[in-house]
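>>> Let's see this in three dimensions:
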Amino acid sequence: MSEATDRPDADAWAKASAEDIAAEHARRRARAGQEPGSAGDELRRLAEAVSEAVTDRLATLRNPAVQLAAQGVISQVRSVVEPIVERNPDVFDHLSAAGSELLAAYRSAVTRAESRWTAGDEGKRSTAEHIDLD
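Numbering: from 1, shown residues only. Got it, this is the predicted structure:
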């Protein structure tokens with residue numbers, strides 16, 4: 001309950017759910033031996049997972065020419081990704097942080113707009129609502 005209004009906090013359930021989900025993800029990573037790495041490490045893991053999925057899908061075709069072409073494309077992608085990650089590891093961390101900040105700003109704007117839309121008189125609200133993203 002919010003002391004100022006004696007109403008339940010509207011975001012309490014969402015916050016508690018997000019915390020529970022984050023804790024569960026951390027527990028599963030720890031059990032699997034996978035601690036979250038840098039953004040560059042995560043990009044490498046993503047590239048490996050995609051290449052494994054593509055290889056598995058193409059294996060069902062049983063066409064050696066298609067499989068050989070796919071392996072060539074996968075090796076080219078790896079040869080491009082690895083040098084970029086090795087030369088600029090901080091760039092990926094900064095991009096990841098910037099993305100998180102943008103998401104937080106968007107959520108804040110949407111939450112404020114929703115609270116304005118749901119609070120107040122129906123007759124006093126205008127049909128066009130301005131959302132301030134600052």
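>>> so what does the longest helix along the chain touch, helix or strand wise?
Identified as the longest helix of the chain according to DSSP state H is helix 89-118. Helices and strands touching helix 89-118, as assessed by 3 or more C-beta pairs under 8 Å, 6 or more residues apart in numbering; DSSP states H and E, comprise helix 39-59. The C-beta positions use only the backbone N, C-alpha and C, and glycine is treated the same way.
>>> if we can go back for a sec, might you calculate how far the longest helix of the chain sits from the centre of the chain?
Here helix 89-118 is found 11 Å from its chain centre; the criterion is C-alpha atoms, centre = their mean, to the nearest Å.
>>> State the mean pLDDT of that helix.
The pLDDT scores in helix 89-118 average 84.
>>> angle of it against helix 39-59?
Relative orientation of helix 89-118 versus helix 39-59 (axes from the mean of the first three to the mean of the last three C-alpha atoms, to 10 degrees): 90 degrees.
>>> Tell me which residues are up against stretch 71-91.
With contact meaning C-beta atoms under 8 Å, 6 or more residues apart in numbering, stretch 71-91 is reached by 38, 40, 43-44, 47, 51, 54-55, 92.
>>> now that we have those, which one has the most neighbours?
Most neighbours among the contacts of stretch 71-91, by other C-beta atoms under 10 Å: Gly40, with 20 neighbours.
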